[in-house]
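[1] could you work out the structure for the sequence below:
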Amino acid sequence: MRKLGIITMVVLAAAACETNDDDTPRRGATSASSGASSSSGTGGSSGEGGMGGQAGEAGSSVGGNGGGLPPPICGDLTINPGEECDDGNNDPGDGCDANCFIESGEIEPNDTPEQASPFAKLPYYAKLDPPDDVDYVSFSVNGADASVLVRTMDLGDGACPKGEIDTFVDVIAADGTTVIASDDDGGEGNCSRVAMPTLTVGDYFVRVKAGVKSQLPTFIYRLRIDKVENVCGDGFITIGETCDDGNSNSGDGCSSACQIEISETEPNDTVATANTFSEPWNAVLAPTGDVDIVAVDILASGASLTATTTDQGTNACAAKTLDTVVEILSPDGMTVLASGDDIIGNCGSALATNLAPGKYFVRIKGGSLATYPSSYGLQIVIS
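    Residues are numbered from 1 along each chain as shown. Down below sits the predicted model:
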């Protein structure tokens, strides 16, 4: 006679708990419990079925709540509410302090040449407040054969191109009254850019005030004053140069002497005398009322043609000292398929789409604010 023995074994598992001596989230770091992609906890598993007809007990654990997005913090490279800047760290002394407030380079009052704040280091932050505030900043030229570039910029939040801030800049001689150069919107958006040929050794001032188009009554801005040696091939257009593409090679549109290499052959003011486009393309509108026509071949059906005039790196489009109108003509040489004026600053650009194969023409002429001669570049994109 056999005896059947039923042995039931129950195994209990104990979960070990782990503690953290310091569970306070540090500023500028994200703790593991607050990650943006935290998921909810896992529910308990059901109990195993009992042997010999005894039902197992169901698991009773409840899943934990998912973690939320971490709160904005200083040092995350995003200017959050309550912050004036955010450079991605919490280090003081770099223009943006540990609490994401501007470390200003200016010392108020600095509304006159006598009170001017010295330009010390980059980044140089300053604030125009109240709305009629004027900032004077002093700088020195200590060596000959150097050009000076003065620029105002936003804090990296896009306020210049969005038109939220607008600056007007004057560069003033050592006497505090003689204006050497001025600019309103020659930089990015409504911000300023002044490029000057070689200045003599001495002291100078930069005067910054709000422009009339500023959407914000008071604002913080960055100021750069760069002194650049006059060397052809360094990428900076300085005294005596009409271009500088960063090399000393000829045949690429900018010669080894940093002079623009003209592509066009005059006369080219009619369809019959149009020049065939080749890249790079540089030309000059002269004399007054001059028109340039360039021929472009379209090989594939349904193609798009974009023609854009450029300032060859001189910033003349944004500064609105170069004004062009671009027209795309059909193969008959008369029908205007597309035209554009003041697309990039005062420079023109045009787009014609769904074109059939054939020879098309791009006509470039001066806009209502054009001066002559006007040097320009032409970019052609076929897609």
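
[2] okay, now the nearest residue to residue 178 once chain neighbours are set aside: neighbour count?
    Distance criterion CB to CB, 6 or more residues apart in numbering; nearest residue to residue 178, sequence neighbours excluded, is residue 172 at 6.4 Å. C-beta: built from backbone N, CA, C; applies to glycine. Using other CB atoms under 10 Å, the number of residues around residue 172 comes to 20.

[3] now do residue 172, the pLDDT please.
    The per-residue pLDDT reported for residue 172 equals 96.

[4] lowest-pLDDT helix or strand in the chain?
    Ranked by mean pLDDT, DSSP states H and E, the weakest helix or strand in the chain is helix 316-319, scoring a mean of 78.

[5] so how far is it from its chain's centroid?
    Relative to its chain's centre, helix 316-319 lies at 15 Å (CA atoms, centre = their mean, to the nearest Å).

[6] quick check: buried residues in it?
    316-319 (16 or more other CB atoms under 10 Å).

[7] before we move on, the earlier item: got the contact list for the residue nearest to residue 178?
    113, 178-180, 204-207 (CB atoms under 8 Å, 6 or more residues apart in numbering).

[8] from the residues you listed, list the buried ones, please.
    113, 204-207.

[9] any idea how this structure splits into domains?
    73-103, 113-229, 275-382 (automatic domain parsing).

[10] among those domains, which is nearest residue 262?
    domain 275-382 (5.5 Å; CB to CB).

[11] quick one: end-to-end distance for the closest one.
    Terminal residues of domain 275-382 are spaced 18 Å apart (CA to CA, to the nearest Å).

[12] next one: stretch 238-253
    17 Å.

[13] got a list of contacts for that stretch?
    Contacts of stretch 238-253 (CB under 8 Å, 6+ apart): 147, 197-198, 228-237, 254, 256, 258-261, 263, 280-282, 312-314, 375, 377.

[14] doesn't residue 375 fall inside a strand?
    Yes - judged by DSSP: H, G, I helix; E, B strand; the rest coil, residue 375 forms part of a strand.

[15] pull up the gap between it and residue 279, please.
    Here residue 375 is placed at a distance of 17 Å from residue 279 (CB to CB, to the nearest Å).

[16] so these two - more neighbours on which side?
    Legend: neighbour count by other CB under 10 Å for residue 375 and residue 279, higher for residue 375 (18 against 11).

[17] now that one: closest residue in space, sequence neighbours ignored.
    Leaving aside its chain neighbours, residue 375 sits nearest to residue 284 (5.1 Å; criterion: CB to CB, 6+ apart).

[18] the helix or strand containing that neighbour: partners in the sheet, and parallel or antiparallel?
    Using DSSP states H and E, residue 284 sits in strand 281-285. Partners of strand 281-285 in the sheet, by DSSP bridges, are strand 374-382 (antiparallel).

[19] report the distance from the partner strand to the chain centre.
    Remark: strand 374-382 is offset 22 Å from the chain centroid, using CA atoms, centre = their mean.

[20] give me the mean pLDDT for that strand.
    Rounded mean pLDDT across strand 374-382 is 95.

[21] contacts for it next, please.
    Outside strand 374-382, the residues touching it (CB under 8 Å, 6+ apart) are 242, 253, 260, 277, 279-286, 294, 296, 298, 303-312, 322-324, 347, 362, 364, 366.

[22] buried ones among those?
    Buried by 16+ other CB under 10 Å: 242, 253, 260, 277, 280-285, 294, 296, 298, 303, 305-312, 322-324, 347, 362, 364, 366, out of the contacts of strand 374-382.

[23] mind listing the strands for the stretch 151-300 of the chain?
    Ranges of strands in the stretch 151-300 of the chain, per DSSP state E, counting those that start in this stretch, are 167-172, 179-183, 193-196, 202-210, 219-229, 275-276, 281-285, 291-298.

[24] export the fifth one as PDB, just CAs?
    What follows is strand 219-229, C-alpha atoms only, in PDB (Å, rounded to 0.1, in the frame of the first residue of the first chain):
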ATOM      1  CA  PHE A 219      16.300  95.600 -22.000                       C
ATOM      2  CA  ILE A 220      19.600  93.800 -21.400                       C
ATOM      3  CA  TYR A 221      22.100  93.500 -24.400                       C
ATOM      4  CA  ARG A 222      25.500  92.200 -25.100                       C
ATOM      5  CA  LEU A 223      28.300  94.400 -26.500                       C
ATOM      6  CA  ARG A 224      31.300  93.200 -28.500                       C
ATOM      7  CA  ILE A 225      34.300  95.400 -29.500                       C
ATOM      8  CA  ASP A 226      36.700  93.400 -31.600                       C
ATOM      9  CA  LYS A 227      40.000  94.700 -32.900                       C
ATOM     10  CA  VAL A 228      41.100  92.800 -36.000                       C
ATOM     11  CA  GLU A 229      44.400  93.000 -37.800                       C
END
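
[25] give the partner strands of that strand in its sheet and their orientations.
    By DSSP bridges, strand 219-229 pairs with strand 124-128 (antiparallel), strand 146-153 (antiparallel).
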